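Enquirer: Mind folding the following:
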Amino acid sequence: MHAPIRPVAVVLAAVALCAACAGAAPAAPVTPSGTPEPVPPAPPPVVVLDPGHNGGNAADPAAINRPVPDGRGGTKACNTTGTATDDGYPEHAFNWDLAQRVRQRLEAAGVRVVLTRPDDDGVGPCVDERGAAGGRAGAAAVVSLHADGAAPAAAGFHVAHADPPVHGTGPEALRLAGTLRDALRAGGFTPAGYIGQDGLDGRPDLAGLNHSTVPAALVEAGNMRNAAEARVLSSPEGRERYADAVSAGVLGYLGR
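Expert: Numbers count the residues shown, from 1 in each chain. Predicted coordinates:
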């Protein structure tokens, strides 16, 4: 005996019901013309670059010496003038130049970059304001750019992170610092032997890091008082190398 033939409509209804029971994904939205609606692109990640110090700081000692919260219940000076090479190349100029080079590379990779200061001619902003910049911008990371002013025999870069950690950012801040360290080392730069350990330096006293509510790290690219490192830090070719390494570290952290 042959099985009874079911009406086509009943069969189709059963198939549709089974698909729904099986958790089939709903159909993608379509336009009135019947074509799938375009999926809007995800917003680009935001990175805050903080070029340390500022070109006008030395002209206004009252402003940069006023106390501001240090992020751990104390206070510290709003900012400082920074250091310089023995030939007079100032740290603030290095930091600003490096930030522009890193910015170009990150923006070319689809990252939106926010700077904590608009030029190299002003005063400040204070370290607590710089630290809060990442939260205000909705940033994925904050990278502060500096060069050190240690004893002439000291050499090498190091990357600082807040320790003890604050605002629950400790694990990610450490990952950011480690990724930057690895990229600088891959770029041919040597971790410092005079501070921190293996290129990383946990610090409780850096207010910019203490105030950050997003992962933040501070790159000390080298020692401006060391003659050999000063030549690299002072040269456009050297700053290109630093920019390549820092950008690679940031992009590696972002997974791009």
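Enquirer: Please tell me how far stretch 96-103 is from the chain's geometric centre.
Expert: Averaging C-alpha positions (CA atoms, centre = their mean, to the nearest Å) puts stretch 96-103 13 Å from its chain's average.
Enquirer: Run through who's touching that stretch.
Expert: Outside stretch 96-103, the residues that touch it by CB atoms under 8 Å, 6 or more residues apart in numbering are 49-51, 55, 113, 115, 119-120, 143, 145, 221, 239-240, 242-243, 246-247, 250. To be clear about C-beta, it is placed using only N, CA and C from the backbone, and glycine gets the same treatment.
Enquirer: is it true that Gly222 touches Arg231?
Expert: No: counting by CB atoms under 8 Å, Gly222 sits too far from Arg231 to count as a contact (10.1 Å).
Enquirer: Pick out whichever of those two has more residues nearby.
Expert: Using other CB atoms under 10 Å, the more surrounded residue of Gly222 and Arg231 is Gly222, with 28 against 13.
Enquirer: Quick check: chain neighbours aside, which residue is closest to that one?
Expert: Glu229 (4.0 Å; CB to CB, 6 or more residues apart in numbering).
Enquirer: Quick check: buried residues in stretch 84-103?
Expert: Across stretch 84-103, burial judged by 16 or more other CB atoms under 10 Å covers 84-85, 89-99, 101-103.
Enquirer: whoops, stretch 135-146 was the one
Expert: In stretch 135-146, counting by 16+ other CB under 10 Å, buried: 137, 139-146.
Enquirer: For His161, see how far away the closest residue to Ala216 other than its chain neighbours is.
Expert: Nearest in space to Ala216, with sequence neighbours left out and distances taken as CB to CB, 6+ apart, is Val142 at 3.9 Å. Distance, Val142 to His161, using CB to CB, to the nearest Å: 11 Å.
Enquirer: what touches both of these two?
Expert: Joint contacts of Val142 and His161 (CB under 8 Å, 6+ apart) are 216-217.
Enquirer: Surely Pro152 is in contact with Met224?
Expert: No: contact status for Pro152 versus Met224: not in contact, 9.9 Å apart, counting by CB under 8 Å.
Enquirer: Thanks a lot, see you next time.
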